[in-house]
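Visitor: quick one: sequence and predicted model below, then my questions.
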Amino acid sequence: MKKTTCLLRYGILFLLLTVSSLICAQIPAGYYYQAHGKTGAELKTALHNIIKEASMLKYGSGEGATWEGFFYTDQNPDGSVFDMYSNETRYFNGFNGIDGMHIEHSLPNSWWGGIKNNAYKDLYHLYPADATMNMSKSNNPLGEVSGTPIRDNGLSKMGKNGFGNTYTGNCFEPADIYKGDFARSYFYIATAYEDYASLWNSPMMQNNTWPVWQSWALQLLMEWNKNDLKSAREEERAEAVYKIQGNRNPFIDYPDLVDYIWGDKTSTPYPFPDETEPFLISPRNNKTLDFGILLQGDNKTIDLDIQGKNLTETLNFYWKTGGENSGLSLSQESVTANEAINGKTIHICYMPQTSGTGIDTLVIKGGGLTDSVIVKVSRGATEDFMALPATETTSTQSTLRWIRHPQATGYRIDLYSGDQQAGDLIISSYIEGSKGYDKAIEIYNGTGKDIDLSKYSLRKQTNGSGSFGTELFLKNDEHPILADGENFLIVSGDCTNEALINRAQMIAPAEKEKSLMSFNGDDAIGLYHNGIQIDVIGDVDTGKGATWGVNVTYMRKTEVTHPTTVCDWSEWVNLGQDVIDRTGTFTMQFAPESQYVFEDKEVGEQTEYQVSGLMPNHRYTYRVTALSAQGEIEAVNTMGIKTSPLESPEVLDATEITENSFVANWDIVSGAEHYLIDLYTLIGDEEVEIFETFTNVKDGKPLPEGWTGNASGHYESSTNSKEPNSLAFKPEKGEEEYIQTCDYPAPVTELSFWYKFVSGGIGSTFKIEKKSNGIWSEIDIIEFVNSAQTASYSFTKDENITAFRFTYHKEKGNFALDNVSVTYGGTKPEYIVQDKIVTGLSCKFENLKKDTEYYYQVRSAIGDILSEQSERVAVKTSGNTGSIEKNEQNGLIFCSTNSGFRILGLQGNETVSVYTPSGTSIFETRANSAVIEIPASSRGIYIIGIKSSSGYKTMKVIW
């Protein structure tokens, strides 16, 4: 079947070119050259070597992450999400995740053990998916559903596999128009990650690099690939992914490759098009070389293989950026066409004389190439032997790193919890004032020794994107050394706050917008030691307009003893707006003693070491010492690690549902020792939300029904209202106005409201009180801030809060209140089983009540450490098979089920269709037995149409 799906249009991702909405595959010359002449398994491995290297986005939402990728790969012209899993319409909201959707691994990540590697982030098999269908799909294989589906949303199905007779368990069946898309994604994963052969754990796969697939699965995928040809939309998506990741999906470029790898042509080389243009086999365009971090005066050489075909002239090499000024040099600056055709290795040497990090660009030009080839060279250097930030840190493991010391014959490391001193300087305070350039950054030294500030600098990420720049060196004549236990305050040279200026140890140059100190709330600030980032405050890569740092003072918590290159807001305290009197007061709180994981562990000459068995959400510190013939050289810093919290399991739909039992299911969590599951029903009333907008209020009247108070004004402008009008508090100076809500009929669980201090407000306050069991008490007092805000509060039902009172005390300016939301009532769980320990990935519950809705949630566990609760899964046990309607003429019986209704008395050859009363078709299936199950998404009236060889019958059913 040829698809007719609408084409997508894309914007620009980073510095990528716009992808045309009528695109044809632009395969770079020579891209598949190394696969020429190969057959069968050898052809697959050659393709693996071509496509295995890729630059993946981070997993998740935000700039530089999966949802930004989806924004460009899966967006329809009207801004909606292209969803291959359901017909639901949802719209993109920038690069944020979307409610009701998941990032779906089309080939389940549990099939390779849940490891968060490149396959976990690869857009060629990640898709935005309807959350409900994704949970049903879980980690089931692909297949073709036979009989009545477990779930059918009109596009995708879940049910028993009827393709072949080898695998008959549950399967996921996409729509016919997407089956080829899924097949080509699966072929890609099996090829790009053929080195995962020992990890595969799936009914579809074997533990080998070829053929990989079980016979039935291979037949299924090959049929889907053949019957559902690639569409322009699929090809366009692949081009967008190529521009993001830098690798291609060969099975979209050449879908018939499957015949030459797995089909009836495995002894025949694939007939790739003849290559007539000049091209480079090596290096690939945008290849990256990484020298890591070296000690100044050390050197390192990386070989770069040059090989081309059809070249007509000399290839020339030159540095577009950096190069020799960065300590990089080439063994030669050109190679002849013949040398390149025969293969030539050049050498890139890095011998740094200054500290710092950067990425330089080597350009290869000439040879008759249509476009230049660029090689990105990452490098860094420091004048001191240093520990480097750990990488690949999860809830239970981390890779410790340090720079190479040229004199070292080996290294020794200590790993412990509980610091006796700081690992390096840290950012201790951040001030972004409400007026102009009243801005400051404070640094603290808790290392136990005096620190030379000439080795430190600050940089900022302007407008929340790009690299950190606009460097401000901390070297200064007045305070060249920062003593142990002292703070160092840097204030903007354009600051007008005399009190803040008088507290400064350093005044930055008065350069206004050109200065690092012109940060305005969306500019993350990094602290650098010898040109290497060691600390940061602010959200990185969030884009322009973020407000995390607007008109606010932050101060580090005293228990923080190490800098971190990823801002962790749990380490910071928000002091409010224009708070400067805390500068100079920061101190560190150290542990009474250190608890060692290991001490004096010698690890040989390697410059990294992976540790496992760590505790989730826990802080560790590591110390590195270089061992040499001249003596021991201890790193000038120690490095902190914070493991991530234990991940919550991804819960899956229940299976094997009967009148009194079902099986709960969930996916594996890497590192978890066991799982805890809760089973419960819900009791109580439905939750009610009351939303008051004050749209009709004028001069404080009328208040909502049951409300009282003396607030005297209103605002009609959008500046002073969330949704005009807003309620205004306008007392005289030194006086108060208030309003009080009605008494709600059930305990309140949520309160939120929009507010703004109007026309100044310094010294004014807004007090919120609650009524609990008839007694009034304070919830919060909000002090003046210079911008509109939303406040939110949560309560438990046991607090029995039934009303609120809001009081504005005026010293200056008025106050606007709008969009007050109160949520009361709601259900609470009644547990049947709580914290049941399970070592596997499923749990069967028995002796349940029939026709009853149950819920389950799961947590993962390591010892006594637990994850957050998973999402909640609802499952309803089967009920009585009582008749809804019996039509004696047709001889059919309709019976209710937990998910719809059952039709009995069929001949087994009818086509059964279900319609809404307005005539909209919502379900169709072919009966292959006397009984079929019909799913229903909501209670109501349905029209049933039954077509057989004897004619067409219709009837009405109420479910």
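Guide: Nice, I can see it. Numbering: from 1, shown residues only.

Visitor: ok, whichever strand or helix holds Thr399: who's next to it in the sheet?
Guide: For Thr399, the element it lies in under DSSP states H and E is strand 398-402. When pairing is defined by DSSP bridges, strand 398-402 lines up against strand 387-391 (antiparallel), strand 608-611 (antiparallel).

Visitor: so which of those strands is nearest Ser764?
Guide: The minimum distance between Ser764 and the strands paired with strand 398-402 falls on strand 387-391, with 44.4 Å, by Cβ to Cβ. From N, CA and C alone the C-beta is placed, and that goes for glycine too.

Visitor: quick one: distance of that closest one to the chain centre.
Guide: Here the centre of strand 387-391 is set off from its chain's centre by 22 Å, with Cα atoms, centre = their mean, to the nearest Å.

Visitor: next, Thr807: phi, psi?
Guide: Dihedral pair for Thr807: phi -130, psi 130, per degrees, to the nearest 10.

Visitor: do Lys226 as well
Guide: As for Lys226, its main-chain torsions (degrees, to the nearest 10) stand at phi -80, psi -40.

Visitor: for the stretch 801-950 of the chain, give me the ranges with low pLDDT.
Guide: Residues of the stretch 801-950 of the chain meeting the criterion pLDDT under 70: 880-891, 895-899, 917-920, 937, 939-940, 950.

Visitor: mind listing the strands for it?
Guide: Along the stretch 801-950 of the chain, counting by DSSP state E, counting those that start in this stretch, strands occupy 801-809, 814-838, 842-845, 853-862, 865-866, 873-876, 883-887, 892-897, 900-904, 911-915, 921-926, 931-935, 941-948.

Visitor: go on, the stretch 101-250 of the chain?
Guide: Using DSSP E, counting those that start in this stretch, strands in the stretch 101-250 of the chain cover 101-105, 126-130, 151-152, 157-160, 170-173.

Visitor: out of these, which gets nearest to Asn502?
Guide: The nearest among those, by Cβ to Cβ, is strand 101-105 at 51.2 Å.

Visitor: which helices and strands does the closest one pack with?
Guide: helix 66-73, strand 126-130, helix 131-137 (3 or more Cβ pairs under 8 Å, 6 or more residues apart in numbering; DSSP states H and E).

Visitor: let's see it at 7 Å
Guide: strand 126-130, helix 131-137 (3 or more Cβ pairs under 7 Å, 6 or more residues apart in numbering; DSSP states H and E).

Visitor: between the ones you listed, which gets nearest to Asn227?
Guide: strand 126-130 (20.2 Å).

Visitor: report the inter-axis angle for the closest one versus helix 66-73.
Guide: Angle of strand 126-130 versus helix 66-73, following axes from the mean of the first three to the mean of the last three Cα atoms, to 10 degrees, is 90 degrees.

Visitor: the inter-axis angle of strand 126-130 versus strand 101-105?
Guide: Strand 126-130 runs at 140 degrees relative to strand 101-105, counting by the same axes, to 10 degrees.

Visitor: please save the CA atoms from strand 126-130 in PDB.
Guide: The C-alpha trace of strand 126-130 is given here as PDB (Å, rounded to 0.1, in the frame of the first residue of the first chain):
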ATOM      1  CA  LEU A 126      11.800   7.100  19.000                       C
ATOM      2  CA  TYR A 127       8.300   8.500  18.300                       C
ATOM      3  CA  PRO A 128       5.800  10.700  20.100                       C
ATOM      4  CA  ALA A 129       3.100   8.300  21.100                       C
ATOM      5  CA  ASP A 130      -0.300   8.400  22.700                       C
END
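
Visitor: and that strand, what other elements does it pack with?
Guide: On a contact count with 3+ Cβ pairs under 7 Å, 6+ apart, strand 126-130 meets strand 101-105.

Visitor: same question for the strand it packs on, mean pLDDT?
Guide: For strand 101-105, mean pLDDT is 93.

Visitor: equivalent analysis for stretch 601-612, please.
Guide: The model assigns stretch 601-612 a mean pLDDT of 96.

Visitor: if we can go back for a sec, ok, which of the helices and strands packed on strand 101-105 comes nearest Ile944?
Guide: Closest to Ile944 of the helices and strands packed on strand 101-105 is helix 131-137 (Cβ to Cβ; 24.2 Å).

Visitor: and the closest one, what's buried?
Guide: Neighbour counts over helix 131-137 (16 or more other Cβ atoms under 10 Å) mark Ala131, Thr132, Met133, Asn134, Met135, Ser136, Lys137 as buried.

Visitor: from the strands of the stretch 101-250 of the chain, which stretch is densest packed?
Guide: Counting by mean count of other Cβ atoms under 10 Å, strand 126-130 has the highest mean neighbour count of the strands of the stretch 101-250 of the chain, with a mean of 25.

Visitor: neighbouring strands for that one, and are they parallel or not?
Guide: Note on strand 126-130: by DSSP bridges, its sheet partners are strand 101-105 (antiparallel).

Visitor: distance from the chain centre to the partner strand, please.
Guide: Distance, centroid of strand 101-105 to centroid of chain: 11 Å (Cα atoms, centre = their mean).

Visitor: what comes into contact with that strand?
Guide: Thr66, Val81, Tyr85, Arg90, His125, Leu126, Tyr127, Pro128, Ala129, Asp130, Ala131, Asn134 (Cβ atoms under 7 Å, 6 or more residues apart in numbering).

Visitor: how does this protein divide into domains?
Guide: Structurally, the chain divides into domains by automatic domain parsing as follows: 34-261, 279-382, 387-418+592-642, 426-576, 654-876, 883-958.

Visitor: what about the fourth one, average pLDDT?
Guide: Spelled out, that is domain 426-576. Rounded mean pLDDT across domain 426-576 is 92.

Visitor: that one: end-to-end distance?
Guide: This stretch, domain 426-576, spans 21 Å end to end (Cα to Cα, to the nearest Å).

Visitor: circling back to that earlier point, can I get the domains of the chain in a markdown table including distance to Thr583?
Guide: Below are these laid out as a markdown table (distance: least, Cβ to Cβ, whole Å):
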| stretch | distance to Thr583 |
| --- | --- |
| domain 34-261 | 32 |
| domain 279-382 | 29 |
| domain 387-418+592-642 | 24 |
| domain 426-576 | 5 |
| domain 654-876 | 19 |
| domain 883-958 | 59 |
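
Visitor: closest to Gln26 out of the ones you listed?
Guide: With distances scored as Cβ to Cβ, the stretch of the domains of the chain nearest to Gln26 is domain 34-261 (7.0 Å).

Visitor: hang on, the earlier thing: pick the most deeply packed of the strands paired with strand 398-402.
Guide: Of the strands paired with strand 398-402, strand 387-391 is the most buried (mean count of other Cβ under 10 Å), at a mean of 19.

Visitor: got a list of contacts for that one?
Guide: Counting by Cβ under 7 Å, 6+ apart, 293, 398-403, 565, 622, 624, 635, 637-639, 641 sit against strand 387-391.

Visitor: cool, stretch 343-355 as well?
Guide: 289, 291, 294, 296, 299-307, 327-332, 335, 377, 379, 381-383, 530-531.

Visitor: can you check stretch 322-333 too?
Guide: With Cβ under 7 Å, 6+ apart, stretch 322-333 has contacts from 316-319, 346-353, 358, 360, 377, 379.

Visitor: quick check: the farthest pair among the residues you listed?
Guide: Asn316 and Gln353 (26.3 Å).

Visitor: these two - which one has more neighbours?
Guide: Comparing Asn316 with Gln353 by other Cβ atoms under 10 Å, the one with more neighbours is Asn316, at 14 against 10.

Visitor: now the helices for this structure?
Guide: 40-51, 66-73, 118-121, 131-137, 179-192, 215-227, 232-245, 250-253, 257-261, 337-342, 498-503 (DSSP state H).
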